[in-house]
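Asks: Sequence plus the predicted model coming up.
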2 protein chains.
Amino acid sequence: MDLIDQIKYDEQGLAPAIIQDYINNEVLMVAYMNKEAFKRTLESGRTWFWSRSRKKYWQKGEHSGHIQNLKEILIDCDNDAILIKVEQKKAACHAGYRSCFYRKLEGQEFKVFQKKIFDEKEVYP
Amino acid sequence: MDLIDQIKYDEQGLAPAIIQDYINNEVLMVAYMNKEAFKRTLESGRTWFWSRSRKKYWQKGEHSGHIQNLKEILIDCDNDAILIKVEQKKAACHAGYRSCFYRKLEGQEFKVFQKKIFDEKEVYP
């Protein structure tokens, strides 16, 4: 069976891809892959996703240069989630943080706990 | 706004929850929460999910005892993915492994690289 067919995509043809820093295991982001995005990821060695809101393919870092180089690809027991360990250039989040998970629950509120590492208005004008 | 309403659930009313070991940051599993599952998680201090295939709520560990005690809850920049750091009792995967991501890509195949830590036929007879 072709490698890209080993993933069980959902009824929208998508599977969640969890992107993790290959050095410290920080979860950087979650995005979605369809067959073509997974194929492009495998072929290019960099992460490609399908944007559900913009209905288009996107490569992480295509505008910012904050690309993700593949290190390891893992699959879960149900074959319906992909875990990708990457070398993250600069930052994963378009909001200026290393990880998209830059807020955590404190009491009844999600509060920012990470430091900004770039000015998102400069990178995404 | 109520805490459970701060998550952007998808058109099926679901958001992916990535479960991570709070000690070593290993990603243990991915499952889905709707409002009620997230509410039960917050109230009980243990993870509850909505099973898309069985169409029912389930608490991780309800049969096996392999529960997940909440340590931290993070949210992503789009508010549509939840990252939960837990204290995992024994193992997250029903297949006998610590993590559901027990296979990784080697060449053109996903191969088991984790060691089994319990006999799934005894725990889930």
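Replies: Looks like it came in fine. Residues are numbered from 1 along each chain as shown, chains lettered A, B, ... in the order given.
Asks: measure whichever residue of chain A sits closest to chain B to A:Glu122 for me?
Replies: Among the residues of chain A, A:Asn25 lies closest to chain B, at 3.5 Å counting by Cβ to the nearest Cβ. The C-beta positions use only the backbone N, C-alpha and C, and glycine is treated the same way. Applying Cβ to Cβ, to the nearest Å, the value for A:Asn25 to A:Glu122 is 29 Å.
Asks: Then A:Leu105?
Replies: Taken as Cβ to Cβ, the span from A:Leu105 to A:Glu122 is 30 Å.
Asks: What confidence value was assigned to A:Met1?
Replies: Per-residue confidence (pLDDT) for A:Met1: 72.
Asks: State the number of residues packed around it.
Replies: When neighbours are counted by other Cβ atoms under 10 Å in any protein chain shown, A:Met1 registers 7.
Asks: Alongside chain B, which residues does chain A contribute?
Replies: Taking Cβ under 8 Å from any Cβ of the partner chain as the criterion, chain A approaches chain B at residues A:3, A:6, A:16, A:18, A:20, A:24-27, A:29-30, A:72-78, A:81, A:83, A:93-95, A:97, A:100-105, A:108-110.
Asks: still on that earlier bit, the residue of chain A closest to chain B: what's it in contact with?
Replies: Contact analysis of A:Asn25 by Cβ atoms under 8 Å, 6 or more residues apart in numbering or on different chains lists B:24-27.
Asks: 7 Å - rerun?
Replies: A:Asn25 makes contacts with B:24-26, as judged by Cβ atoms under 7 Å, 6 or more residues apart in numbering or on different chains.
Asks: What of A:Gly45?
Replies: By Cβ under 7 Å, 6+ apart, the contact list for A:Gly45 reads A:69-70.
Asks: and it, how far is that from A:Val86?
Replies: In this structure, A:Gly45 and A:Val86 are separated by 10 Å, where distance is defined by Cβ to Cβ.
Asks: cool, and A:Leu14?
Replies: Distance, A:Leu14 to A:Val86, by Cβ to Cβ: 19 Å.
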